[in-house]
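**Student:** Attaching a predicted model along with its sequence, questions to come.
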Amino acid sequence: MKGMNHADAAEAFIADEPRTDWHDDTLWFVREKRDKAAHGIPEWEQLREWASLIKNNVLSNMSKYLVEFEAKAIANGIKVHWAKDAADHNNIILSIIQENNVKKIVKSKSMLTEECHMNEFLIAKGVEVVDTDLGERIVQFRNEAPSHIVLPAIHLKKQDVSETFHKHLGTEKGNNDPQYLTQAARIHLRDKFIASDLAITGVNFAVAETCGFVVCTNEGNADMGAHAAKIHIACMGFEKIIPKAEHLAVFLRLLARSATGQPITTYSSHFSKPKADQQLHIVIVDNGRSRQLGREDFRNSLKCIRCAACFNTCPVYRRSGGHSYHTAVAGPIGSILNPNLDMKANADLPFASTLCGSCSNVCPVKINIHEQLWKWRQVITAEGLAPKSKQIAMWGMSELLARPSIYRFAGKAGRWVMRVFPFLTNNKLNLWYKQREMPEPPKESFRDWYQKNKK
Amino acid sequence: MNIALFVPCYIDQFYPQVAITTLQLLEKLGCDVSFPLNQTCCGQPMANSGFAAMSKGCDKNFVENFRGFDYIVAPSGSCVLHIKEHLHDEQDPVAAEKIRKSVYELTEFLVDILKTTSLNASFPFKVGLHTSCHGQRGLHLASMSELVAPAFSKPATLLGMVKGIEVTRPKRVDECCGFGGTFCVFEEAVSVKMGKDRIAEHEDNDVEYITGVDTSCLMHLEGILKRNGSKVKTIHIAEILNSQL
Amino acid sequence: MSAREAILEAIIANQPAGNSLPEIDVNAMIQYDDLVAQFKLVLEGIGGRLIQVADNDAVQDMINEISKDKETIVNALEPTEALVRQLETLSLSSLAMVDLAIIRGSYGVAETGAVWVDEKQMVIRILPFICEQLVFVLDRAGLVTNMGEAYQRINTFETGFGVFIAGPSKTADIEQSLVIGAHGPKQSVVILVG
């Protein structure tokens, strides 16, 4: 699906309709679990409002909080690095690896490292990189990108996983039992945890007031990696900073419920100092975030806590799959973050939406996703990135709609043509007509009727 | 109160009966309704495609036609939402602002302004209610399943006043139909799949009709229904509210 | 210019003004009449087990009961210097053989079924993750109603590491089928005292 725009990739995905239905139902089920959890908290909408306001405050005080965090982190024995972009980030990681003669690393979920294409970079330098989140390990074996930021292998059926594990782990051929497969992964990855010198984790929240950061998992893989390794590197986009520890109550109460419908993830690990014989590093990354911060219409997208509730509710995502978005972060939030990273490559994404608005309603931090999608469309078009044919058609439409008599003439003529020469519209060239009948063209418009009957 | 009827372009051209019924319904409810003759379109198809900058001529024409009315009513949630959020006129910002504040979708006009509590209507059929997104989430015509908030629906409230009708809801009560403006052709595969899935849920309820406040949604669903030879018909809510034995 | 300076300069130039912090009212957050009942409900819903005992003597009996068929047991309730040294020097492969770890928790949260434990209580950080089965001993007085109250009571960054643990490790990454026992413990028990 690489190189394809969303519309084409989505069409290919939908060609397998039963599988599309399965993918859609599976993700809708996650949305339903989220609804059940949210409705169990009477103050749910208040929580969202608080989370939104806290994150708004973070946007306004980003530099202050980051500097505060850094100072305390350093005082706690944490090494703090700053990375301007993806290449910077990858090079910092590599230098830590090389300085310490590390050969094998384990990594728990970090969309940031996906965004920076860190795995490919390190593997090319001869480092063994093992993704330890079960979903991510599965897609790593298959040489695929994750299709969902919380459920990386949601696009795969258990038969697919079984085949992959049979190939790479020697599990029984045809044994699709998730329990059996998970146990096999547990054993395999335990060896990796034990053998690795260095662990990379993401950061769900970094706290300015106390220094310290939180990593949330259900599997325990971030902790198994971090506590077993001599070196722990935590990578964060700078927007992950929050002001105070007490705010974690708000965010943790929203995060897992929004993501999977659980009250909380199994592990909410709070790190603030390295352990005795360990190095703890934090890499703070920009990679376009400061530019997004400067965009008045789009800076709110930096409030995102990566829960993927917007993915699960999006009727387009559910029917096109994460790979159709050709980026590390897919779904509605990806469509407002990615054009900032590369507008040309991601010009299709804001159009992969009907602007239904469901995403904005499930967002725990109240990002106005659907409004930003609309605004990105204007920016992308102004940059000249709309297809020429569309530009011409739209210009034609704008001229027509500004001139009432031409509009009326075009309408009458169009309907006449449709009645007398239906084959001109009822054919393969008309995209509407592929799977839908055209509306019946009436002889009179409403205005014609009104003139006759009312004037 | 002087009321102007705003007729969305595709209703004017392809579904004039929706506008006729809307006019008749408003008059039945005691309204004095004008129809500005030179209206064309609200400009949404261009704006949603990224060409809002090209809509100045269209906006200017809209302001010229609709200035000076107490209320502007349209049988469409998405067109009304677009005007509310995006209508501007550099030459006459005051008039544009007044229009933004006085434009209403039909069901919200009946419930909130006319305060309709009964209708002399009869429609003894099983009808599936489709919740059009822009009306619901944009104009708050109904509660939203994502939010923890009390349930309500202005369209459903009005349908409840119609004799003999049986109203059903699809399982996914407010999932989008997939029309989405130019999305319906530029992302044709997803658009149609979404429409098919909506229809399947209504067919599970054995409905005879699917209704809603937006003809755009209904036009898209109707296209799929007809292509698949279904007996289910689509009908705009105005036609139900104005129907008689 | 260093990356740090460049990034901070860009942030300062681009960050918006305004946006003060909201007041978080913990009293507006969900409350439960029966903390134990709620804690039990949630914990069991996430695959954990709650055992209530009257006092500390009963705790030892319960531990004996649970330990019956286990080979390698680490009881970290009152860690001696010897135990600490042993745990700190054991290899990871040996630690992976721990069938049962018993750790004292300081707080339990009724809303989420989670137990808070800090690095002093776990002796070594990896212990509550690497064992096959994890048992917490928690005082009933340590139960709080929700996460808001938890953060009021706990200084979560006081020691270098602490964690809220809610039930056994799990995953649903394979076709959304819930599997209890991913990389952390496969079973999780809370012995509630008092």
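**Tutor:** Okay, I see it. Numbering: from 1, shown residues only, chains lettered A, B, ... in the order given.
**Student:** show me where pLDDT drops low in chain B?
**Tutor:** B:245 (pLDDT under 70).
**Student:** where along it do the strands fall?
**Tutor:** For chain B, applying DSSP state E gives strands covering B:2-5, B:32-34, B:71-74, B:103-105, B:126-129, B:166-168, B:209-212, B:233-236.
**Student:** Which other helices and strands does the last one contact?
**Tutor:** Read it as strand B:233-236. Packing contacts for strand B:233-236, counted by 3 or more C-beta pairs under 8 Å, 6 or more residues apart in numbering or on different chains; DSSP states H and E, involve strand B:209-212, helix B:215-227. Any C-beta I mention is one placed from the backbone N, CA and C, and that applies to glycine too.
**Student:** Spit out the contact partners of residue 140.
**Tutor:** Looking at chain A here, since you left the chain open. Contacts for residue A:140 (C-beta atoms under 8 Å, 6 or more residues apart in numbering or on different chains) come out as A:119, A:130-131.
**Student:** wrong one, I was asking about chain C
**Tutor:** Applying C-beta under 8 Å, 6+ apart, one finds that residue C:140 lies in contact with C:36, C:192-194.
**Student:** middle-most residue in chain C, spatially?
**Tutor:** For chain C, the residue nearest the mean C-alpha position is residue C:165 (2.8 Å; C-alpha atoms, centre = their mean).
**Student:** Return the backbone torsion pair for that residue.
**Tutor:** phi -110, psi 120 (degrees, to the nearest 10).
**Student:** how far away is it from residue A:220?
**Tutor:** For residue C:165, the distance to residue A:220 equals 9 Å [C-beta to C-beta, to the nearest Å].
**Student:** Now do the shared contacts for these two.
**Tutor:** With C-beta under 8 Å, 6+ apart, residue C:165 and residue A:220 have common neighbours A:266-267.
**Student:** Pull the number of nearby residues for the spatially closest residue to residue B:207 that is not a sequence neighbour.
**Tutor:** Once flanking residues are discounted, residue B:207 sits nearest to residue B:128: 3.9 Å by C-beta to C-beta, 6 or more residues apart in numbering or on different chains. Residues contacting residue B:128 under the criterion other C-beta atoms under 10 Å in any protein chain shown number 26.
**Student:** So residue B:128 sits against residue B:170, correct?
**Tutor:** Yes: assessed by C-beta atoms under 8 Å, residue B:128 is found in contact with residue B:170 at 6.3 Å.
**Student:** shared neighbours of those two, which are they?
**Tutor:** Shared contacts of residue B:128 and residue B:170, counting by C-beta under 8 Å, 6+ apart, come down to B:202, B:205.
**Student:** re the thing from before, residues in a beta bridge with the residue nearest to the centre of chain C, which ones?
**Tutor:** With beta bridges defined as DSSP bridges, residue C:165 has these partners: residue A:267, residue C:115.
**Student:** Contact partners for it?
**Tutor:** Residue C:165 touches A:266-267, C:114-115, C:117, C:128, C:134, C:136, C:188, counting by C-beta under 8 Å, 6+ apart.
**Student:** Name the nearest residue to the residue of chain B positioned farthest from its centre, sequence neighbours excluded.
**Tutor:** The centre of chain B is farthest from one residue, residue B:91, which by C-alpha atoms, centre = their mean lies 29.2 Å away. Nearest residue to residue B:91 in three dimensions, chain neighbours excluded: residue B:60, at 7.1 Å (C-beta to C-beta, 6+ apart).
**Student:** ok and the residue in chain C nearest chain B?
**Tutor:** residue C:30 (12.0 Å; C-beta to the nearest C-beta).
**Student:** From the structure, what's the count of residues near that residue?
**Tutor:** Residue C:30: 18 surrounding residues under other C-beta under 10 Å.
**Student:** isn't it right next to residue C:111, touching?
**Tutor:** Yes: Residue C:30 sits in contact with residue C:111 when judged by C-beta under 8 Å, with a separation of 6.4 Å.
**Student:** overlap in contacts of these two?
**Tutor:** Joint contacts of residue C:30 and residue C:111 (C-beta under 8 Å, 6+ apart) are C:145-146.
**Student:** Got phi/psi on the nearest residue in space to residue B:186 that is not next to it in sequence?
**Tutor:** Closest residue in space to residue B:186, ignoring its immediate chain neighbours: residue A:7 at 6.0 Å, by C-beta to C-beta, 6+ apart. Main-chain torsions, residue A:7, degrees, to the nearest 10: phi -60, psi -40.
**Student:** and the residue in chain B positioned nearest to chain C, what is it in contact with?
**Tutor:** At 12.0 Å from chain C, residue B:148 is the closest residue in chain B, using C-beta to the nearest C-beta. When contacts are counted by C-beta under 8 Å, 6+ apart, residue B:148 touches A:38-39, A:41-42, A:44-45.
**Student:** Okay, helices next: where are they in chain C?
**Tutor:** C:3-14, C:35-45, C:56-67, C:81-89, C:92-95, C:119-122, C:127-130, C:147-153 (DSSP state H).
**Student:** about what we covered before: once you drop chain neighbours, what's closest to the residue of chain B closest to chain C?
**Tutor:** Residue B:148 sits nearest to residue A:44 (C-beta to C-beta, 6+ apart), 4.3 Å away.
**Student:** Surely that neighbour touches residue A:36?
**Tutor:** No: with contact defined as C-beta under 8 Å, residue A:44 does not reach residue A:36; the gap is 11.5 Å.
**Student:** Name the residue in these two with the higher neighbour count.
**Tutor:** A direct count of neighbours by other C-beta under 10 Å for residue A:44 and residue A:36 places residue A:44 higher, at 21 against 11.
**Student:** tell me the pLDDT at the more buried one?
**Tutor:** What the model reports as pLDDT for residue A:44 is 98.
**Student:** Can you pull out the low-pLDDT segments for chain C?
**Tutor:** In chain C, no residues with pLDDT under 70.
**Student:** picking up where we left off before, a markdown table for the contacts of residue B:148, including secondary structure?
**Tutor:** What follows is the contacts of residue B:148, written out as a markdown table (DSSP: H, G, I helix; E, B strand; the rest coil):
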| residue | secondary structure |
| --- | --- |
| A:38 | helix |
| A:39 | helix |
| A:41 | coil |
| A:42 | coil |
| A:44 | helix |
| A:45 | helix |
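**Student:** any idea which of those residues is the one closest to chain B?
**Tutor:** residue A:44 (4.3 Å).
**Student:** Quick check: that closest one vs residue B:147, distance?
**Tutor:** Residue A:44 is 8 Å from residue B:147, by C-beta to C-beta.
**Student:** Could you do residue A:327 as well?
**Tutor:** According to C-beta to C-beta, residue A:327 stands 29 Å off from residue B:147.
**Student:** who touches the nearest residue to residue A:224 once chain neighbours are set aside in this structure?
**Tutor:** Distance criterion C-beta to C-beta, 6+ apart; nearest residue to residue A:224, sequence neighbours excluded, is residue A:193 at 4.6 Å. Contact partners of residue A:193, counting by C-beta under 8 Å, 6+ apart, are A:106, A:132, A:221, A:224-225, A:228, C:92, C:183.
**Student:** okay if I get those as CSV plus neighbour count, distance to residue C:122 and secondary structure?
**Tutor:** Listed next are the contacts of residue A:193 as CSV, based on neighbours: other C-beta atoms under 10 Å in any protein chain shown; distance: C-beta to C-beta, whole Å; DSSP: H, G, I helix; E, B strand; the rest coil:
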residue, neighbour count, distance to residue C:122, secondary structure
A:106, 28, 21, strand
A:132, 29, 20, coil
A:221, 33, 18, helix
A:224, 32, 14, helix
A:225, 28, 17, helix
A:228, 25, 14, helix
C:92, 17, 15, helix
C:183, 29, 16, coil
